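[1] quick one, structure for this:
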Amino acid sequence: MFEKVKALLVEELQINENDITMEAELTGDLNINSIELADLIMMCEEKFGVEINEEDANKFVTVGDVVNYLEALENA
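    Residues are numbered from 1 along each chain as shown. This is a model prediction of the structure:
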């Protein structure tokens, strides 16, 4: 799942691949703004066929938060 999320960040938001780790903060380390974060959430919903509610999305701080959330949905 990490590689899939990483690919989205690289392809869609032009984030440097080397900057993306599980611990990387979306806004702090990767400089993703609120509009880009909303785009990322929509892309994840489309790509993985899931629905991410706003309350959960507001808890996404790191790349790992997104990956772990998507893995939990996948395994539910």
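[2] can you map out the helices along this structure?
    Using DSSP state H, the helices found in the chain span residues 2-13, 34-48, 54-57, 63-74.
[3] can I get those in TSV with mean neighbour count, mean pLDDT and distance to Asp19?
    From N, CA and C alone the C-beta is placed, and that goes for glycine too. Output for the helices of the chain, formatted as TSV (neighbours: other Cβ atoms under 10 Å; pLDDT from 0 to 100; distance: least, Cβ to Cβ, whole Å):
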stretch	mean neighbour count	mean pLDDT	distance to Asp19
helix 2-13	16	96	9
helix 34-48	15	95	14
helix 54-57	12	94	21
helix 63-74	17	96	10
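[4] closest to Glu25 out of those helices?
    Distance to Glu25, taken as Cβ to Cβ, is lowest for helix 63-74 among the helices of the chain, at 8.2 Å.
[5] residues in contact with that closest one?
    Contact with helix 63-74 is made by 1-2, 5-6, 9, 20-24, 26, 30, 40, 44, 48, 50, 52, 56, 59-60, as judged by Cβ atoms under 8 Å, 6 or more residues apart in numbering.
[6] what do you get if the cut-off is 6 Å, keeping everything else the same?
    Contacts to helix 63-74, defined as Cβ atoms under 6 Å, 6 or more residues apart in numbering, come from residues 1-2, 5, 20, 22, 24, 48, 50, 60.
[7] again with stretch 53-61
    The set of residues external to stretch 53-61 that reach it, using Cβ under 6 Å, 6+ apart, is 25, 41, 66.
[8] tell me how far the first one lies from Glu3.
    Computed with Cβ to Cβ, to the nearest Å, the distance linking Glu25 and Glu3 is 19 Å.
[9] what's the answer for the second one, then?
    Counting by Cβ to Cβ, the gap between Ile41 and Glu3 amounts to 18 Å.
[10] one step back: now, which of the contacts of stretch 53-61 sits nearest Ala76?
    Each of the contacts of stretch 53-61 was checked against Ala76 using Cβ to Cβ; the closest is Val66, at 15.9 Å.
[11] can you report how many residues neighbour Asn18?
    One way to gauge burial is a neighbour count; for Asn18, by other Cβ atoms under 10 Å, it gives 7.
[12] that's all I had, so thanks and see you.
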